[in-house]
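S.K.: here is a sequence with its predicted model. Questions after.
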Amino acid sequence: MSIELVRIDDRLIHGQVVTGWVNELKVEQIIILNDKLVNDTVQKSVLTMTAPPSVKVHVFGIEQFSEIYKKNPIKKRTLLLFSNPIDVLATYQNGVDFDQVNVGGIRFNEQRKHRLSKSVAVTDEEKAALDTLIENGKDVFIQMVPKDKKETLK
């Protein structure tokens, strides 16, 4: 298995992801798991253009990816990218295994009342998803870019 990083960032692909994590981990492909984006050809095109030319970008729905994953092991150095913790938990519960979850930016809004850091806020349901991942032995941490200090949520 070559999942180098599982990251939650509601902005998905942007400067910090590309210049920080992709370069640091020598990522060859970014797989975005998001049921809403899977049928949005315009947004998928924008995300593909945002990544470096050497990095392939794929967008899958949660269940769709889980089925693919069961039949085709990941061979390339991969960044799994999510916009929220609920989708990460669903992916894990559908049989995709990983050891850690990097929480990047999740912007504060009216529904996201739990501030975990200055750049991370979550809803009750998102907080419960993170708690469940931690209870299942996943190392869940906040770290915007590789040079930042890792803040473990446990």
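M.R.: Good, I have the coordinates. Numbers count the residues shown, from 1 in each chain.

S.K.: okay, strands next: where are they in the chain?
M.R.: Taking DSSP state E to define them, one finds strands in the chain at 3-8, 29-33, 56-60, 78-82, 100-103, 114-117, 120-122, 139-142, 151-152.

S.K.: could you list the paired strands of the fifth one along with their orientation?
M.R.: The pairing partners recorded for strand 100-103 under DSSP bridges are strand 3-8 (parallel), strand 139-142 (parallel).

S.K.: one more: the second one?
M.R.: Based on DSSP bridges, the strands next to strand 29-33 in the sheet, each with its direction, are strand 56-60 (parallel), strand 78-82 (parallel).

S.K.: what's the mean pLDDT across it?
M.R.: Across strand 29-33, the average pLDDT comes to 96.

S.K.: and the fourth one, by the same measure?
M.R.: The predicted model assigns strand 78-82 a mean pLDDT of 96.

S.K.: run through who's touching that strand.
M.R.: Contacts to strand 78-82, defined as Cβ atoms under 8 Å, 6 or more residues apart in numbering, come from residues 2-9, 12-13, 17, 21-22, 25, 27-34, 88, 91, 96, 98. (C-beta placed from N, C-alpha, C; glycine too.)

S.K.: which of the residues you listed are buried?
M.R.: With burial judged by 16 or more other Cβ atoms under 10 Å, the buried subset of those is 3-9, 12-13, 17, 21-22, 27-34, 88, 91, 96, 98.

S.K.: ok, now which ones touch the nearest residue to Thr132 once chain neighbours are set aside?
M.R.: In this structure, Thr132 finds its nearest non-sequential neighbour in Leu89, 5.7 Å apart by Cβ to Cβ, 6 or more residues apart in numbering. Going by Cβ under 8 Å, 6+ apart, Leu89 touches Ala129, Thr132, Leu133.
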